[in-house]
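Trainee: Need coordinates for the following:
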Amino acid sequence: MAKMTYNERINEKLNQGISHLQAEIEVTQEDYDAKITALRRRQETEETRIREIMINVLWEDHRGLFDQVEAKARRRFEDAVEQRRARANGTTNSEPRHHENSEEPEGPDDAGQY
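Mentor: Numbers count the residues shown, from 1 in each chain. This is a model prediction of the structure:
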């Protein structure tokens, strides 16, 4: 189906029995909503690309820290999977299997590598 022009969309709404002004308001609102959705999608794509670059920079320039952060992220992921499984099975385990404080990456003051 071909995309309708602005005036065709207004005419379609007029055929539904609403006023011309209300038809313009609805068409304008639809255009606004579509534009906002497109901009948000662009923003998400940009943020994803920036995160990918950040990960590459961290991997290239701070390999030890990268490995520590990756291990912590994997533990969090595994804990989340376990919690979902427990909820699905009707059991609850409020204590994650991995403890966050173990193997914490050293901060900038402790490591002296930043």
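Trainee: hey, let's count contacts and neighbours off CA atoms from now on
Mentor: Noted.
Trainee: and whichever helix in the chain runs longest, what does it pack onto?
Mentor: What stands out as the longest helix in the chain, according to DSSP state H, is helix 20-61. Applying 3 or more C-alpha pairs under 8 Å, 6 or more residues apart in numbering; DSSP states H and E, one finds that helix 20-61 contacts helix 6-14, helix 63-89.
Trainee: mind running it again at 6 Å?
Mentor: Packed against helix 20-61 by the contact rule (3 or more C-alpha pairs under 6 Å, 6 or more residues apart in numbering; DSSP states H and E) you find no helix or strand.
Trainee: what's the angle from it to helix 6-14?
Mentor: Interaxial angle, helix 20-61 versus helix 6-14 (axes from the mean of the first three to the mean of the last three C-alpha atoms, to 10 degrees): 120 degrees.
Trainee: next one: helix 20-61 to chain centre, how far?
Mentor: Using C-alpha atoms, centre = their mean, to the nearest Å, the mean C-alpha position of helix 20-61 is found 11 Å from that of the whole chain.
Trainee: Please report how far residue 34 lies from residue 27.
Mentor: Separation of residue 34 from residue 27 (C-alpha to C-alpha, to the nearest Å): 11 Å.
Trainee: Comparing these two, which residue is more hemmed in?
Mentor: residue 27 (17 against 12; other C-alpha atoms under 10 Å).
Trainee: What pLDDT does the model give the more buried one?
Mentor: Here the pLDDT value assigned to residue 27 is 97.
Trainee: ditto for residue 2
Mentor: Looking at residue 2, its pLDDT stands at 86.
Trainee: May I have the phi/psi pair for it?
Mentor: Here is the backbone geometry of residue 2 (degrees, to the nearest 10): phi -70, psi 150.
Trainee: How about the secondary structure of residue 16?
Mentor: coil (DSSP: H, G, I helix; E, B strand; the rest coil).
Trainee: What distance do you get for the one residue sitting closest to the centre of the chain to residue 56?
Mentor: Central residue of the chain (C-alpha atoms, centre = their mean): residue 44, 6.5 Å from the mean position. From residue 44 across to residue 56, the span is 18 Å (C-alpha to C-alpha).
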